[in-house]
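In: The following comprises the amino acid sequence and a computationally predicted model.
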Amino acid sequence: MAHNAPSAPTAPTAQTTSASGASYSPQGIFVPLVTPFGLDGRPDLDALAGLAHAALDGGASGVVALGTTGESGALEPDERTAVVDTCAQVCRERRAALIVGAGGGATAAAARDLAELSRWPEVTAALVTVPAFVRPSLDGVVAHFARLAEVSPVPLVVYHIPYRTGRSLDAPTLRALGALPGVAGVKHAAGGIDQDTVALLGDLPDGFAVLAGDDVFASALLGLGAAGGILASAHVATDRFVALAAAWQAGDVPRARDLGHRLARLSTALFAEPNPAVVKGVLHAQGRIPTADVRLPMLPASEESVAAALRVLAEVEAATATGAGAGAAAEAGATNGAGAELAAV
């Protein structure tokens, strides 16, 4: 099966350099891949590779391995390695960006986790959560990432998700993180848009990219100036999310608003149960993964939730059939800098 390479960027962007000298500035839509499980309960690596190729065919700038959508906490060490191996091979073939989830609650342990990424030259950046449960001070969070940035072999994307970590970050703290050498951006999943979100996007450090992480609010964040998004919903409508980012960047507000509202309804349906249960249910119904299985303590999505998401997806596809996919392919270059920038890593 032939696969098209990601589009080259139309203009250079500011870049962040890691301790190893690697530089990167994330732009565009990234798909945080689920980990498909086969009938034997093990990760189905062929299905995973297929999902990665499909995301890139849809115009995604890259993929994310071992994110929360990938059930990374439920994978055994050898399975985690196999998942990264598979994604690295695809991204090497496609010259696409690969972001890998890494880190932990203790700084020293997170540094060791990051060091492992040097095994894969294809890894473009690491997605690292704010330390969970320990609830450090804001200064402690900055010190944590400063230390990780000093030793990481790849640039860092801060994963700001306070409803999981228990630690919210205000705009000054996010700016302080963005000013650190080696910190390329933030996945913003704060559960909504508040005054800190607006303040941050109104005054970003040079080279610091904000990526939407709450799928329902992706269009609003893009409209405020986010550089792209890491969106689980983009598994099933990659080209539409790419078109959404391109429309906002091009200033096509009517198109962006209409598409954004439709995709928000899709995301709402896909997150009706804890992620990635419904996403996996939809992918299985489409024949793209062998089972819809998730690992405990997650439970598979109900038939009702999967059916509802499929209905909304069909509505989105029907309403956006004209121009959505074709426009995305032409416009993805504005938001998709993965291929060219990967050469600098």
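Out: Yes, it's here.
In: And the strands in this protein, which stretches?
Out: With DSSP state E as the criterion, the chain has strands at 16-17, 23-24, 28-32, 62-65, 97-102, 125-129, 156-160, 183-188, 209-212, 228-230.
In: Tell me which of these sits nearest to A82.
Out: Closest approach to A82 among the strands of the chain (C-beta to C-beta): strand 62-65, 10.3 Å. Using the backbone N, CA and C atoms, a C-beta is placed for each residue, glycine as well.
In: The closest one pairs with which strands?
Out: strand 28-32 (parallel), strand 97-102 (parallel) (DSSP bridges).
In: so which of the strands of the chain gets nearest P136?
Out: Using C-beta to C-beta, the strands of the chain put strand 125-129 closest to P136, at 12.3 Å.
In: Low-confidence stretches in this structure?
Out: Along the chain, the parts satisfying pLDDT under 70 run over 1-22, 322-345.
In: where's the residue nearest to F208 when sequence neighbours are not counted relative to V100, distance?
Out: Ranked by C-beta to C-beta, 6 or more residues apart in numbering and with sequence neighbours excluded, the top spatial neighbour of F208 is G178, at 3.2 Å. Distance of G178 to V100, computed by C-beta to C-beta, to the nearest Å: 20 Å.
In: For stretch 147-158, buried residues please.
Out: Buried positions in stretch 147-158, judged by neighbour count with 16 or more other C-beta atoms under 10 Å: 148-149, 151-158.
In: repeat for stretch 234-254
Out: 234-249, 252.
In: before we move on, what about stretch 305-319?
Out: 305-306, 308-310, 312-313, 316-317.
In: tell me the contacts of the residue located most distally from the centre of the chain?
Out: For the chain, the residue at maximal distance from the C-alpha centroid (C-alpha atoms, centre = their mean) is D40, at 27.9 Å. Going by C-beta atoms under 8 Å, 6 or more residues apart in numbering, D40 touches no other residue.
In: when you give positions from now on, start the count at 22
Out: Will do, 22 is the new start, and the previous item becomes D61.
In: That one and T89: what is the separation?
Out: On the measure of C-beta to C-beta, D61 and T89 end up 24 Å apart.
In: How about R309?
Out: In terms of C-beta to C-beta, R309 sits 20 Å off from T89.
In: So for those two, which residue has more residues nearby?
Out: T89 (21 against 17; other C-beta atoms under 10 Å).
In: Now do the contacts for that one.
Out: 53, 122, 185, 296.
In: Tell me how many other residues surround the last one.
Out: Read that as N296. The burial count for N296: 22, using other C-beta under 10 Å.
In: in the stretch 172-321 of the chain, which spans are helices?
Out: Taking DSSP state H, counting those that start in this stretch, the helices of the stretch 172-321 of the chain run over residues 183-186, 192-199, 216-223, 239-245, 259-271, 274-291, 298-306.
In: Tell me which residues of the third one come out buried.
Out: In this case it means helix 216-223. 217-218, 221-222.
In: Nearest to P157, out of these: which one, please.
Out: D217 (18.0 Å).
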